[in-house]
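> The following comprises the amino acid sequence and a computationally predicted model.
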Amino acid sequence: MLNFALIHGSWRTGANWTPVVGHLHQAGHQAFAPTVLGHGEGVEKRVNHVQQVDDLVNQLIQRNLHDIVLVGHSSAGTLIARLAEELPDRIRRLVFWNAFVLQRGNCLLDEVPPHLRALFEGQVAASSDGSIMLPYPIWREAFINDADEAFAKSSYDSLSTEPYQPHMDKLDLERFYATQIPKSYLNATEDHALPQGEWGWHPRMSSRLGLFRLVQMPGSHEVIFTNPGGLAAKLIEAGRD
Amino acid sequence: MLNFALIHGSWRTGANWTPVVGHLHQAGHQAFAPTVLGHGEGVEKRVNHVQQVDDLVNQLIQRNLHDIVLVGHSSAGTLIARLAEELPDRIRRLVFWNAFVLQRGNCLLDEVPPHLRALFEGQVAASSDGSIMLPYPIWREAFINDADEAFAKSSYDSLSTEPYQPHMDKLDLERFYATQIPKSYLNATEDHALPQGEWGWHPRMSSRLGLFRLVQMPGSHEVIFTNPGGLAAKLIEAGRD
Amino acid sequence: MLNFALIHGSWRTGANWTPVVGHLHQAGHQAFAPTVLGHGEGVEKRVNHVQQVDDLVNQLIQRNLHDIVLVGHSSAGTLIARLAEELPDRIRRLVFWNAFVLQRGNCLLDEVPPHLRALFEGQVAASSDGSIMLPYPIWREAFINDADEAFAKSSYDSLSTEPYQPHMDKLDLERFYATQIPKSYLNATEDHALPQGEWGWHPRMSSRLGLFRLVQMPGSHEVIFTNPGGLAAKLIEAGRD
């Protein structure tokens, strides 16, 4: 029995994990899917990375979780790396699912292609609350490329704005890069939310983990929507000892 | 319902699409598969890229096609890029299937590895009609690597010589690189007609499209022969809105 | 009917091929799986690459094998390249399965990432018989990443120490790089025994073969343990004419 904690990526909340959690329960595992600070409708968007980490630390401690298989999707790679520094004794394994593994001293924006950074900088400059939103055409073509149009639209309608400050916050990560916690990288082979190749997830991000377990599955950046059962199966493969 | 126009690659004709067209019809779609000028047995081989584009423009207009999902395989990537410049209002989406996406000002030969360019240059120098032919060992090992020998041979027998001049013609492509027509790239994961890596199809060619939808399938450069049903399914996934 | 000779990689013996040989027999093929000199329990570990090649030459001649589909896994890529030089008239095709293809004049250690080379150099310096052993965490995460923990452990228990000298022996390989024997490369897509990317198997090693047939399958470096039936099917696909 594995104790999963599932940390969502940008523009969504913990509720997006519900179908995956169902599949994990059916397979005999526990799973907790908190919402990261600043995510969802009607909440304060002016938060930073330190506040997000502090809040997640509190949520995991309040649930009295131990032996955690800590999963981070996409931008949450930055969060689980920090949680490994804050709660090393509670984490059994880190699973980066098409997630950022920042180089020491970088912020997330340092690791995205210039055209994406420019897009987001333009959005935040025009924003009244320091948040950004993914344009639908990018969602449809580069994020959920394995869905049909109706499903691409309905899933897009579930997204909400993303706090920008955490993506500008530089992370030291000295303790993360020294940790002995085992690590896995789950890569969906048609994920090109980061363009494959020079700027891609794998092996660019994954190789920074040192020794890690590689697990792959077919699908886009959004198998949480398009294939939650397949994602759950691969999270188990990535998360087991 | 999608309106496909399917443009074949080198050494073949529109007839090679027949099984794929059948699968597309069964799925409720329309498909037109013209033969590119200079292809097939007993035709004039001394044609250039401008003539090929003009002829395809005429064929598409004569069929009164609109809302076209325009698919180009391999060398036909150069043709659909030009058709996007000539018929922008008739094209709903461009689908590059393991196809060349030329950098501005290049010809196709500028984008192939030196050993292939040298091979073709030797062939055309010895040709009486300015055409080239793919040697069987390259076909068998690098193009149709997923077939057995009997099928590799029978499919090879269906090929015919390829006009060389179009592959030497430099293309400006300024309007193609400015177009807002949506684009997809379909990549067969065992395709090594262009060697994977530095000279490969994906992400080298695909990344030049800017925002595009990535679709992948198992198989060689010749899934049109070895898996026409699977190819049709993936063309629908790549071609839909 | 194909005549396979199957050459195992480091830390194992010919006996590891038994399930694969069974599947090949069932499909109507012959298969011989010799043990490479210096491998297994209770044997002399101080052997070099020349002795290993000489011994394999003798084993193949004594079995009176011809038209051999010669398969090399991992480090055995160095052995089948040399056998192609010693027995060119007996080999019908070379199949490199996630195997080293050394650049001319290199030894195997010249082709592995610095952290692996340092690990092995430390081990051999502390060894009483000039051998090395793969640490379990590397086996579990980077070699047999597609197995569960129980299977990872039981398969690890079947391994034995590996002679080190052959991996330091530089190979000229002039005749190998001139041979016309057909070649295939079988790549398991989740194999990261060599880290994917800059130091990976494919396309880094495979591209050195010149014209070759690419075959891929899902799985880790150890599909010989985790999927012997699937491996046999792909060896047939890679080995046929």
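Great, that's in hand.

> Chain C versus residue A:115, what's the distance?
Here the criterion is CB to the nearest CB, to the nearest Å. By it, residue A:115 lies 23 Å from chain C. Quick note: C-beta positions are derived from backbone N, CA and C, even for glycine.

> For stretch A:36-54, give me every contacting residue.
Contacting residues not belonging to stretch A:36-54 are listed as A:7-8, A:11-14, A:55-56, A:76, A:78-79, A:82-83, A:86, A:129-131, A:160-163, A:165-166, A:169, A:171 [CB atoms under 8 Å, 6 or more residues apart in numbering or on different chains].

> cutoff 6 Å now
Applying CB atoms under 6 Å, 6 or more residues apart in numbering or on different chains, the external contacts of stretch A:36-54 come out as A:13, A:55, A:82, A:129-131, A:160, A:163, A:165-166, A:169.

> Stretch A:113-121 now?
Taking CB under 6 Å, 6+ apart as the criterion, the residues outside stretch A:113-121 that touch it are A:109, A:132, A:199.

> Tell me the residues on chain A that lie near chain C, please.
Residues of chain A lying close to chain C (CB under 6 Å from any CB of the partner chain) are A:203, A:207, A:211, A:213-214, A:216, A:241.

> Which two among those are spaced furthest apart?
The two members of the residues of chain A next to chain C with the most space between them (CB to CB) are A:203 and A:241, at 23.6 Å.

> Looking at these two, which one has more neighbours?
With neighbours defined as other CB atoms under 10 Å in any protein chain shown, residue A:203 and residue A:241 compare such that residue A:203 has more, 18 against 13.

> sorry, back to before: make a markdown table out of the contacts of stretch A:36-54 and add secondary structure.
Compiled in a markdown table, the contacts of stretch A:36-54 are given as follows (DSSP: H, G, I helix; E, B strand; the rest coil):
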| residue | secondary structure |
| --- | --- |
| A:13 | coil |
| A:55 | helix |
| A:82 | helix |
| A:129 | coil |
| A:130 | coil |
| A:131 | strand |
| A:160 | coil |
| A:163 | strand |
| A:165 | helix |
| A:166 | helix |
| A:169 | coil |
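
> Could you report the neighbour count for residue A:223?
26.

> Distance of it relative to chain B?
Distance of residue A:223 to chain B, given as CB to the nearest CB: 14 Å.

> Equivalent analysis for residue A:108, please.
Shown here: residue A:108 relative to chain B, a distance of 20 Å by CB to the nearest CB.

> Would you confirm that residue A:57 contacts residue A:88?
No: the criterion here is CB atoms under 6 Å, and residue A:57 misses it with residue A:88 at 11.8 Å.

> Considering the residues of chain A next to chain C, which possesses the most neighbours?
Ranked by neighbour count under the definition other CB under 10 Å, these are headed by residue A:213 with 26 neighbours.

> right, and that residue touches residue C:145 too?
Yes: under the contact definition of CB under 6 Å, residue A:213 touches residue C:145, with a separation of 4.6 Å.

> so how many other residues sit close to residue A:156?
By the criterion of other CB under 10 Å, residue A:156 has 19 neighbours.

> Would you check that my belief about it contacting residue A:139 is correct?
Yes: with the criterion set as CB under 6 Å, residue A:156 and residue A:139 qualify as a contacting pair; they are 5.1 Å apart.

> Show me where chain A has its helices.
For chain A, applying DSSP state H gives helices covering A:18-26, A:49-62, A:77-86, A:114-125, A:136-138, A:149-156, A:165-168, A:174-178, A:223-226, A:228-239.

> Give me every residue in chain A lying close to chain B.
Residues of chain A found near chain B, taking CB under 6 Å from any CB as the criterion, are A:141, A:145, A:149, A:190, A:192, A:195-197.

> May I ask which two of those are separated the most?
Checking the residues of chain A next to chain B against each other with CB to CB, the farthest-apart pair comes out as A:149 and A:197, at 26.9 Å.

> who has more neighbours, these two?
Neighbours were counted for residue A:149 and for residue A:197 using other CB under 10 Å; residue A:197 has more, 14 against 10.

> Give me the pLDDT value at the residue lying closest to that one once chain neighbours are set aside.
Leaving aside its chain neighbours, residue A:197 sits nearest to residue B:203 (3.7 Å; criterion: CB to CB, 6 or more residues apart in numbering or on different chains). Residue B:203 carries a pLDDT score of 98 in this model.

> wait, residue B:203 sits on residue A:198?
No: shown here, residue B:203 and residue A:198 do not form a contact pair, counting by CB under 6 Å, at 8.0 Å.

> need the helix or strand of chain A with the lowest average pLDDT.
Using mean pLDDT, DSSP states H and E, helix A:114-125 stands out as the lowest-scoring helix or strand of chain A, at a mean of 96.

> And that helix, what's buried?
Neighbour-count burial for helix A:114-125 flags A:116, A:119-120, A:123-124 (criterion: 16 or more other CB atoms under 10 Å in any protein chain shown).

> give me the number of residues near residue A:98?
Applying other CB under 10 Å, we find 27 residues neighbouring residue A:98.

> How about the contacts made by it?
Counting by CB under 6 Å, 6+ apart, residue A:98 makes contact with A:188, A:191, A:201, A:221.

> any idea how far it lies from chain B?
Noted for residue A:98: a distance of 13 Å to chain B, by CB to the nearest CB.

> Residue A:63 now?
As for residue A:63, its distance to chain B is 38 Å (criterion: CB to the nearest CB).

> who does the residue nearest to that residue when sequence neighbours are not counted bridge with?
The spatial neighbour of residue A:63 that comes closest, neighbours along the chain excluded (CB to CB, 6+ apart), is residue A:32 at 5.8 Å. Bridge pairing for residue A:32 (DSSP bridges) gives the partners residue A:5.

> Quick check, residue A:32 in contact with residue A:5.
Yes: in this structure, residue A:32 sits in contact with residue A:5. The criterion is CB under 6 Å, and the distance is 5.1 Å.

> out of those two, which sits in the more crowded spot?
Legend: neighbour count by other CB under 10 Å for residue A:32 and residue A:5, higher for residue A:5 (25 against 17).

> Residue A:68 is in contact with the more buried one, correct?
Yes: the criterion here is CB under 6 Å, and residue A:5 meets it with residue A:68 at 4.9 Å.

> Any idea which residue is closest to the centre of chain A?
The geometric centre of chain A, computed from its C-alpha atoms, lies nearest to residue A:73 (CA atoms, centre = their mean), at 2.1 Å.

> For the closest residue to that one other than its chain neighbours, give me its contacts.
Distance criterion CB to CB, 6+ apart; nearest residue to residue A:73, sequence neighbours excluded, is residue A:9 at 4.3 Å. When contacts are counted by CB under 6 Å, 6+ apart, residue A:9 is found next to A:73-76.

> go on, residue A:97?
For residue A:97, the contact set (CB under 6 Å, 6+ apart) comprises A:71, A:73, A:186.

> what do you get if the cut-off is 7 Å, keeping everything else the same?
With contacts defined as CB atoms under 7 Å, 6 or more residues apart in numbering or on different chains, residue A:97 is in contact with A:71-73, A:186.

> For chain B, what's the nearest residue on chain A?
With CB to the nearest CB as the measure, the residue in chain A that lies nearest chain B is residue A:197; the distance is 3.7 Å.

> In chain A, which residue sits closest to chain C?
Taking CB to the nearest CB as the measure, chain A has residue A:203 as its residue closest to chain C, at 3.7 Å.

> That residue and residue A:193: what is the separation?
When distances are taken as CB to CB, to the nearest Å, residue A:203 and residue A:193 turn out to be 16 Å apart.

> starting at the chain centroid, how far to stretch A:124-137?
Remark: stretch A:124-137 is offset 19 Å from the chain centroid, using CA atoms, centre = their mean, to the nearest Å.

> Number of residues surrounding residue A:234?
Residue A:234 - counted by other CB under 10 Å - has 22 other residues nearby.
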